[in-house]
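*Asks:* Give me the fold of what follows.
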Amino acid sequence: MINEANDRLNKFDREALHEVLMRQWRLSKHIAGMNSLPDSYETFTEASYRAALSYFNCMSESTTRVVIYGTGKYSAYILQSLGDKFPFEITAFIDADKKKHGIVFYGHEVLPPDRLPELSYDYVLIGTTIYFDEAKHFLVYEMKIPESKILSLVIANDIDFHKQRAAL
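*Replies:* As a prediction, this is how the structure comes out:
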C-alpha cells in the first residue's frame, strides 16, 4: 500500500523507498522472532504468515525430527546459544565438505549429502546464511526434497526467543 500511494503521489524515489522498506522488514522479522516469514515485504501475505506460524508451531514440538545441513560456525553458534535444550530432535548432521565427514558434531557423526535419503526426518534445517541459496537449490533440485521441508536453522533461535518471552 505504501508503494502504491508513493506511485500515485510520486513523493519518494521508488528504489530508495524500497530499500528503506526492506531494511524495516528485515528488522521487524528479527525483532518479532519470525525469520521464517518471506524475505521480502512484497511477497508477504496472510497465507505466508500462516505458513510461517505453522512451521514455528511444528518446530516447537520436541518430537519433530530434523536434519541439520551444515556444520560450520553459524550452526555451531546457534546450537551453542541453545545450550543442550534443542526444541526438536536432531536426527543427523549433513555437510557437503568431505573433510568433515565422519567427525562428531553435537553428538552425531557428520554424514555426506548422499546419505540423506536413508534418514528419517520431518525437516532439513540449513545451517548457513552465506550458502543458504546454494544449499536449498541442491536439496530441492538434486536431492528432491520438497521445498516445504527445508527451513533455515535460525528458526531454532526464533523458537527459543518465543519460549523465553512466554516464560516472563
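
*Asks:* which residues are in contact with the biggest helix by length in the chain?
*Replies:* Criterion DSSP state H: the longest helix present in the chain is helix 14-32. Contacting residues not belonging to helix 14-32 are listed as 2-3, 6-7, 35, 37, 40-41, 44 [C-beta atoms under 8 Å, 6 or more residues apart in numbering]. C-beta coordinates here come from the backbone N, C-alpha and C atoms, glycine included.

*Asks:* Compare these and tell me which has the most neighbours.
*Replies:* L37 (22 neighbours; other C-beta atoms under 10 Å).

*Asks:* Now it. Nearest residue, chain neighbours left out?
*Replies:* A52 (4.8 Å; C-beta to C-beta, 6 or more residues apart in numbering).

*Asks:* Show me the domain layout of the protein.
*Replies:* 2-54, 60-167 (automatic domain parsing).

*Asks:* Worst mean pLDDT among these?
*Replies:* Lowest mean pLDDT of the domains of the chain: domain 2-54, a mean of 83.

*Asks:* Would you pull up how far it lies from the middle of the chain?
*Replies:* In terms of C-alpha atoms, centre = their mean, to the nearest Å, the centre of domain 2-54 is found 18 Å from the chain centre.

*Asks:* For Y121, give me its contacts.
*Replies:* 65-67, 91-92.

*Asks:* from the residues you listed, which single one is nearest T128?
*Replies:* Of all those, V67 has the smallest distance to T128: 13.9 Å, by C-beta to C-beta.

*Asks:* Pretty sure that closest one sits in a strand.
*Replies:* Yes - under DSSP: H, G, I helix; E, B strand; the rest coil, V67 sits within a strand.

*Asks:* ok, so what distance separates it from A5?
*Replies:* 45 Å (C-beta to C-beta, to the nearest Å).

*Asks:* So for those two, which sits in the more crowded spot?
*Replies:* V67 (24 against 10).

*Asks:* what's the distance between that one and V154?
*Replies:* Counting by C-beta to C-beta, the gap from V67 to V154 is 16 Å.

*Asks:* Just give the nearest non-adjacent residue to F88, would you?
*Replies:* According to C-beta to C-beta, 6+ apart, the nearest residue to F88 is T64 (4.3 Å).

*Asks:* contacting residues around that neighbour?
*Replies:* 58, 87-89, 122-123.

*Asks:* From T43, how far out is the closest residue to G70 other than its chain neighbours?
*Replies:* Using C-beta to C-beta, 6+ apart and skipping residues adjacent in sequence, the residue nearest G70 is G127, 3.5 Å away. For G127, the distance to T43 equals 24 Å [C-beta to C-beta].
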